[in-house]
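Undergrad: What follows is a predicted protein model with its sequence.
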Amino acid sequence: MRRTERIAFTLVELLVVIAIIAVLIGLLLPAVQKVRWSAARAKSTSNLKQLALAAHGFHDNYKSLPFNGTSDASSSAHTSGSWAYQILPLLEQQAMYDSQPGGVAGTPTPVRTFLCAMRSRPGYFTGTTGTPVNGTVRQTNPVSVTTPFTVNPGSPYQFDYTPGSYSIIMNNGPVKIEFYIRSHNGVPWVTYSSSTSAGLSIGLGAGGSDYFIITSLGGGGGTGTSDAGPATDFGINPFINNQTGTVGGANTMRTLTNITDGTSNTILMGHMYVPVNEYAMTTASTPNARLAIFRGGTVGTSRNGLGDSGTTWLKDGSAIALNQWGSPMDDGGLMAMADGSVRMIRYNVPLTNYLKPDDGGNVE
């Protein structure tokens, strides 16, 4: 009898093959995910290393470590904005650095070096809405010249002037006005903020300062200028700028040589806590401490002191912790030390001895 050849699988055979494939996928997926996570961790470590090296380059240029600033960014002041803004030229981002003051047009461009690859964040903020303000700068002595201007949220106005008597007359507000003397390395000489929409007039004596910057604070006192722009997942250690054991200021900027605890024992910068539900956030938000790198201070780009929970730090979760160090990693977070090295520090290790550069502490 002639045997007929079978050219297809039976249903049972097909189900067996599918089951085997499903088992193999189940075995492979955890390994693939682990490889991806390891790659993201390695990328984050590399990014943090580059930031630390850029901070060292800043130190070489200005004989001090970056300062996290208390004002909005200005390309004419190397201590303005945040530490991240200050090192942009050392990350091949000179054009972005030069864009301030002036704001960011359109959708901001993220700077991937500032981001933790384990979080997969968009990496930028679009800013907040606000009301444009307008007014005039009037020179009354030695000549009478009136210069009208308009300030939009995210686009500060900088006015350079020669010695003389001036008045700044605002038609509406609120605004912030910062006066600078270039010989003070871009540190605000006087800052004035209006809390209402009423007009204001300020007289400037001859030679009072070299330039001033007017910032719209938005309708009803929004977060002001520099809200739009790149974000950062890493923050600078605020104690690194001060030799008195408190959060640093522009007049107490520290050099590497006077970190008495040793540069390998002192944190320079590292992972900041970000709530998981804010990973996708692209709108600046002062209450949640999420602002672009163009704004200095401890909001958005640094961590004030030891954080909300004291000497410990957290794994990213659902809690809102504005000044907290934290990481998406299960066991700890990444920190760049002042010597430029990057290490992982576990959550159960107190940060006290890591943060203050001159308290006799040691890293364990």
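TA: Looks like it came in fine.
Undergrad: what about the helices in the stretch 1-150 of the chain?
TA: Ranges of helices in the stretch 1-150 of the chain, per DSSP state H, counting those that start in this stretch, are 11-62, 83-86, 94-98.
Undergrad: can you tell me which of these comes nearest to residue 327?
TA: helix 11-62 (9.2 Å; C-beta to C-beta). (Glycine included, C-beta is placed from N, CA and C.)
Undergrad: related to what we said a few turns ago, so can I have a markdown table of the helices of the stretch 1-150 of the chain showing mean pLDDT, mean neighbour count and distance to residue 254?
TA: Converted to a markdown table, the helices of the stretch 1-150 of the chain look like this (pLDDT from 0 to 100; neighbours: other C-beta atoms under 10 Å; distance: least, C-beta to C-beta, whole Å):
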| stretch | mean pLDDT | mean neighbour count | distance to residue 254 |
| --- | --- | --- | --- |
| helix 11-62 | 87 | 14 | 9 |
| helix 83-86 | 88 | 31 | 12 |
| helix 94-98 | 86 | 15 | 22 |
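Undergrad: Minimum distance to residue 336: which of those helices has it?
TA: helix 11-62 (3.9 Å).
Undergrad: Look at residue 265 and report its pLDDT.
TA: pLDDT recorded at residue 265 is 87.
Undergrad: hmm, back to that, out of the helices of the stretch 1-150 of the chain, nearest to residue 140?
TA: helix 94-98 (32.5 Å).
Undergrad: what's in contact with that closest one?
TA: Contacting residues not belonging to helix 94-98 are listed as 75, 85, 88-89, 109, 111, 230 [C-beta atoms under 8 Å, 6 or more residues apart in numbering].
Undergrad: 10 Å - rerun?
TA: Under the contact criterion C-beta atoms under 10 Å, 6 or more residues apart in numbering, helix 94-98 has outside partners 73, 75-76, 78, 81, 85-91, 104, 108-109, 111, 229-230, 293-294.
Undergrad: Number of residues surrounding the residue lying closest to residue 110 once chain neighbours are set aside?
TA: Leaving aside its sequence neighbours, residue 110 sits nearest to residue 123 (C-beta to C-beta, 6 or more residues apart in numbering; 2.8 Å). Look at residue 123: counted by other C-beta atoms under 10 Å, it has 20 neighbours.
Undergrad: where's residue 123 relative to residue 46, distance?
TA: Applying C-beta to C-beta, to the nearest Å, the value for residue 123 to residue 46 is 16 Å.
Undergrad: ditto for residue 55
TA: When distance is defined by C-beta to C-beta, residue 55 is 15 Å away from residue 46.
Undergrad: Local confidence estimate at the residue nearest to residue 110?
TA: 87.
Undergrad: Phi first, then psi, for residue 178.
TA: Torsion angles at residue 178 (phi, psi; degrees, to the nearest 10) stand at phi -120, psi 130.
Undergrad: looking at it, it is touching residue 210, isn't it?
TA: No: the criterion here is C-beta atoms under 10 Å, and residue 178 misses it with residue 210 at 11.9 Å.
Undergrad: Who has more neighbours out of the two?
TA: Taking neighbours as other C-beta under 10 Å, residue 178 and residue 210 compare with residue 178 leading, 25 against 17.
Undergrad: tell me the contacts of the closest residue to residue 325 other than its chain neighbours?
TA: Counting by C-beta to C-beta, 6+ apart, residue 313 is the residue found nearest to residue 325 once chain neighbours are left out, at 3.8 Å. Contact analysis of residue 313 by C-beta under 10 Å, 6+ apart lists 270-273, 303, 306-307, 321, 324-327, 332-333, 335, 345-351.
Undergrad: Least confident secondary structure element in the protein?
TA: Lowest by mean pLDDT, DSSP states H and E among the helices and strands of the chain is strand 201-204, with a mean of 64.
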